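Student: my questions concern the predicted model and sequence given below.
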Amino acid sequence: MQLTGIRKMEMTDVSPPDIRNDTDVLIRMQAVGVCGSDVHYYVSGKIGAQVVRYPFPVGHEGAGVVEKTGSAVACLRAGDRIAIEPAMPCGACDQCREGRPHTCRKLRFLGCPGQADGCLSEWIVMPARNCLPIPAHVTFEQATVSEPLAIGLYAVQSAGNLQGRNIAILGAGPIGMSVLASARLAGAGTVYVTDRIDRRLSIASASGADATCNILRDNITETVKARTPHMLDAVFECCGQQEALDQAVALLKPGGTLLIIGIPPFARFSFPVDDLRHKEITIRNVRRQNGCDRQAIEAIAGGSINVDGWITHRFGFAECRQAFDLVAGYHDGVMKAMINF
């Protein structure tokens with residue numbers, strides 16, 4: 001399934017991919033999640049400097065079955081059920097050597113223009129190291145959701161010790177929910193969650209949010225002041241919107257931390273310098289999952305995090321365009337749309 005233009009997508013027949021490296025694996029895809037970054041490519045053809053050259057297949061949240069392995073692969077065999085780690089770092093640059101493979105100088109990422117074709121295809125080839133075996137009781141859909149969950153786990157780890165700390169999560173999409181689940185696992189104190197879709201906020205409440213606010217009706221700053229007068233230790237911006245960053249600065253206590261995870265549809269953010277300076281706010285960007293993928297699978301498999309309620313819509317492979325239109329328009333209370341093969 002390939003992007004062929006702005007808001008255009010077509011199913012095409014191509015030859016099955018070949019295993020060219022003896023450390024690669026041929027995978028028959030079973031499920032692919034529609035991510036907000038995929039939708040950016042669908043509706044605008046780019047994210048920052050990453051510009052689509054058509055036709056191009058997107059998709060990076062996926063799970064499948066190993067069909068065939070290269071001659072040097074000993075850890076997997078045909079029939080194994082796996083989740084896919086979409087990031088393929090070089091392992092040799094300064095960033096990789098310093099424990100930062102997510103900012104690898106030569107990073108290849110599934111469904112990223114100029115790097116690698118996406119997994120919205122019946123068959124794909126990946127390095128064996130990117131194929132993470134899943135237990136028999138973990139479904140392909142759950143394995144697919146482990147990818148955004150890993151981002152939430154990394155974001156919470158990046159915030160430092162959250163035990164008893166009061167936080168807000170701005171944006172209750174899959175990434176916001178991943179942060180919520182991870183923060184609860186880390187022992188966070190009071191957790192506030194905002195969004196503009198009531199169905200998402202209901203799911204957040206059922207998943208452990210102490211208070212939710214629909215930003216179209218509620219004043220999150222006044223809500224927090226009434227309940228947590230000293231304001232918040234950390235705010236996770238998960239929607240990529242300027243107004244959310246303004247809210248974040250207002251919600252943070254002096255010395256608080258703002259973590260930016262959402263991908264904006266524009267090129268520049270701005271901040272209220274006076275508040276930022278007087279409060280001595282720390283700003284940290286969160287770049288993907290940085291090795292938290294196995295931890296995410298273990299959390300799902302062990303039952304400490306339940307992701308089932310996050311999947312609100314399901315589509316067949318031939319219905320990808322309907323899925324992308326649904327997510328792009330935030331229709332019908334969508335949180336996570338899943339493509340099943």
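Tutor: Noted; the coordinates are in hand. Numbering: from 1, shown residues only.

Student: just the strands in the stretch 1-150 of the chain please.
Tutor: 2-5, 8-10, 24-33, 46-47, 50-51, 61-69, 81-84, 87-88, 108-109, 123-127, 131-133 (DSSP state E, counting those that start in this stretch).

Student: so what strands line up beside the third one?
Tutor: Its sheet considered, strand 24-33 pairs with strand 61-69 (antiparallel), strand 123-127 (antiparallel), strand 336-340 (antiparallel) by DSSP bridges.

Student: need the strands of the stretch 1-150 of the chain in JSON lines (columns: mean pLDDT).
Tutor: Below are the strands of the stretch 1-150 of the chain laid out as JSON lines (pLDDT from 0 to 100):
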{"stretch": "strand 2-5", "mean pLDDT": "96"}
{"stretch": "strand 8-10", "mean pLDDT": "96"}
{"stretch": "strand 24-33", "mean pLDDT": "98"}
{"stretch": "strand 46-47", "mean pLDDT": "92"}
{"stretch": "strand 50-51", "mean pLDDT": "93"}
{"stretch": "strand 61-69", "mean pLDDT": "97"}
{"stretch": "strand 81-84", "mean pLDDT": "98"}
{"stretch": "strand 87-88", "mean pLDDT": "96"}
{"stretch": "strand 108-109", "mean pLDDT": "96"}
{"stretch": "strand 123-127", "mean pLDDT": "97"}
{"stretch": "strand 131-133", "mean pLDDT": "97"}
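
Student: now mean neighbour count too, for those, in TSV please.
Tutor: Heads up, the C-betas are built off the backbone N, CA and C, glycines and all. Converted to TSV, the strands of the stretch 1-150 of the chain look like this (neighbours: other Cβ atoms under 10 Å):
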stretch	mean neighbour count
strand 2-5	18
strand 8-10	15
strand 24-33	24
strand 46-47	16
strand 50-51	14
strand 61-69	23
strand 81-84	24
strand 87-88	22
strand 108-109	18
strand 123-127	19
strand 131-133	19
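
Student: with respect to Gln242, which of the ones you listed lies nearest?
Tutor: strand 46-47 (16.6 Å; Cβ to Cβ).

Student: the closest one packs against which elements?
Tutor: With contacts taken as 3 or more Cβ pairs under 8 Å, 6 or more residues apart in numbering; DSSP states H and E, strand 46-47 sits against helix 36-44.

Student: and the helix it packs on, what does it pack onto?
Tutor: Using 3+ Cβ pairs under 8 Å, 6+ apart: helix 36-44 touches strand 46-47, helix 320-328.

Student: tell me the mean pLDDT for it?
Tutor: Across helix 36-44, pLDDT averages out at 94.

Student: what does stretch 190-205 give?
Tutor: Across stretch 190-205, the average pLDDT comes to 96.

Student: buried sites along that stretch?
Tutor: Neighbour-count burial for stretch 190-205 flags Thr190, Val191, Tyr192, Val193, Thr194, Asp195, Arg196, Ile197, Arg200, Leu201, Ile203, Ala204 (criterion: 16 or more other Cβ atoms under 10 Å).

Student: end to end, how far does stretch 165-172 reach?
Tutor: Start-to-end span of stretch 165-172 (Cα to Cα, to the nearest Å) is 19 Å.

Student: ok, stretch 31-40 next?
Tutor: First-to-last residue span, stretch 31-40, Cα to Cα: 20 Å.

Student: what's it in contact with?
Tutor: By Cβ atoms under 8 Å, 6 or more residues apart in numbering, the surrounding residues in contact with stretch 31-40 are 46-47, 58-64, 111, 118-120, 140-141, 143-145, 147-148, 173-175, 240, 262-263, 265, 323-324, 327-328, 336-341.

Student: try 7 Å
Tutor: Contacts of stretch 31-40 from elsewhere in the structure, counted by Cβ atoms under 7 Å, 6 or more residues apart in numbering, are 47, 58-63, 111, 119-120, 140-141, 144-145, 148, 173, 263, 265, 323-324, 327-328, 336-341.

Student: that's all I had, so thanks and see you.
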